[in-house]
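In: here is a sequence together with a model predicted from it:
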Amino acid sequence: MDLTIAEIAALPIPLLRQGLATWVASHVDTTPGAIAALRSALEARLAAASDPALATMLAAFAVAGTDYRLYEADPFARDMTRLYMAALTPTWSAFGLDTLDAWLTSGPARRMVVCNHLSYTDTQLTDSLLALEGRAAFADRLVAIAGPKVYTDAWRRLAAISLNTRKTVQSSAVATEQGSLTAREVATVAIETLRDCERMMDAGYVMLLYPEGTRSRTGRLQPFLRAAGRYLQIPGLSVMPMAQTGSERIFPIDDPIMHPGHVRVAFGAPFVSEAFPGKHGALAEAHARIGALLPAEYQPESQAGAIG
């Protein structure tokens with residue numbers, strides 16, 4: 001059942017209640033019994049939701065990605081997404097949670113998580129697994145720095161409004177969805193994104209950055225984009241390296257359907273970016289630390305550099 005962004009945004013609340021669970025379940029490939037159970041659970045959440053809550057979700061869905069700014073997670077979309085993402089991860093592994101907890105309580109700091117990128121569902125899985133591990137309060141504070149593609153079709157947009165995202169421009173090396181922005185406009189948006197990241201971190205949010213800029217086609221950690229280095233030059237920044245694997249099997253590239261699978265996340269030793277000076281010093285350090293957290297088959301090719 002294919003629905004466009006405009007069609008979903010225009011749904012009357014009664015039709016949303018009738019059809020949303022079926023539409024979500026149509027994007028999941030698992031056993032008939034598991035799909036029926038998921039649909040039933042989603043229908044129960046929809047039945048329990050108030051009309052204003054669903055109207056708020058539709059309003060968020062309609063405008064998500066229209067401007068370069070912060071989009072805060074819609075509460076109902078987040079609850080619904082955590083429900084179906086949990087169904088897609090019957091087993092998972094999480095390492096370094098004590099390190100993460102210590103980092104979050106180590107005193108005032110601007111904090112950023114830096115992660116490898118395998119799938120459009122990476123941030124959803126991070127959010128869901130943190131909630132499953134009893135760290136939903138931290139997940140609620142994460143803000144993913146997102147490119148325009150995140151908002152461009154109905155399924156990805158539904159995922160986007162379940163998360164905190166800060167839309168920004170992509171590097172010219174990977175950009176495909178930025179319309180007619182001039183070079184000056186791209187630079188302006190990039191600068192404002194950095195300033196906004198500072199404001200959000202000062203307000204208690206934790207930024208989430210994927211410095212590869214695009215999903216890895218091989219599964220291996222790719223070189224980080226030079227443009228990503230500007231984020232790690234934010235003054236007073238504390239960086240948490242994170243590695244995730246398995247998301248590429250749950251939502252493979254060029255597959256519109258999601259599949260159950262095992263996901264592994266690992267958090268490594270954090271570092272202060274200013275301890276690694278130079279334009280790309282902290283970026284290269286993040287690359288090395290993420291690579292060390294990854295299983296062998298996901299680590300960078302031996303001849304690949306840290307910075308692209």
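Out: Cool, the structure landed.

In: from here on, just use CA atoms for contacts and neighbour counts.
Out: Fine.

In: neighbours around G204, how many?
Out: 14 (other C-alpha atoms under 10 Å).

In: can you give me the pLDDT of it?
Out: Per-residue pLDDT puts G204 at 96.

In: how about I5?
Out: Model confidence at I5, given as pLDDT, is 95.

In: and what of A173?
Out: On the pLDDT scale, A173 is placed at 52.

In: backbone dihedrals for the residue nearest in space to the middle of the chain, please?
Out: Central residue of the chain (C-alpha atoms, centre = their mean): T123, 2.5 Å from the mean position. Dihedral angles of T123 (phi, psi; degrees, to the nearest 10) stand at phi -70, psi -40.

In: ok, now how distant is it from V186?
Out: When C-alpha to C-alpha, to the nearest Å is applied, the distance between T123 and V186 equals 24 Å.

In: check L16 too.
Out: Look at L16 and V186: by C-alpha to C-alpha, they are 37 Å apart.

In: and for A159?
Out: When C-alpha to C-alpha is the yardstick, A159 and V186 sit 25 Å from each other.

In: and the two? which has more neighbours close in?
Out: When neighbours are counted by other C-alpha under 10 Å, A159 and V186 differ, and A159 comes out ahead with 22 against 17.

In: quick check: pLDDT value at that one.
Out: For A159, the pLDDT comes out at 96.

In: pretty sure it is touching Q124, no?
Out: Yes - counting by C-alpha atoms under 8 Å, A159 sits close enough to Q124 to count as a contact (7.1 Å).

In: overlap of the contact sets of these two?
Out: Common neighbours of A159 and Q124 (criterion: C-alpha atoms under 8 Å, 6 or more residues apart in numbering): T81.

In: average pLDDT for the one helix or strand R249 maps to, rounded please.
Out: Using DSSP states H and E, R249 sits within helix 247-250. For helix 247-250, mean pLDDT rounds to 97.

In: hey, where'd the helices end up in the stretch 201-308 of the chain?
Out: Per DSSP state H, counting those that start in this stretch, the stretch 201-308 of the chain carries helices over the ranges 247-250, 281-293.

In: any chance of those in JSON lines, plus distance to A41 and mean neighbour count?
Out: Shown next, in JSON lines, are the helices of the stretch 201-308 of the chain (distance: least, C-alpha to C-alpha, whole Å; neighbours: other C-alpha atoms under 10 Å):
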{"stretch": "helix 247-250", "distance to A41": "20", "mean neighbour count": "24"}
{"stretch": "helix 281-293", "distance to A41": "35", "mean neighbour count": "21"}
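
In: now those helices as TSV including distance to K167?
Out: TSV is the format used below for the helices of the stretch 201-308 of the chain (distance: least, C-alpha to C-alpha, whole Å):
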stretch	distance to K167
helix 247-250	22
helix 281-293	21
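
In: which one of those helices lies closest to V113?
Out: Ranking those by proximity to V113 (C-alpha to C-alpha) places helix 281-293 first, at 9.7 Å.

In: other SSEs contacting that closest one?
Out: The helices and strands touching helix 281-293, judged by 3 or more C-alpha pairs under 8 Å, 6 or more residues apart in numbering; DSSP states H and E, are strand 237-245.
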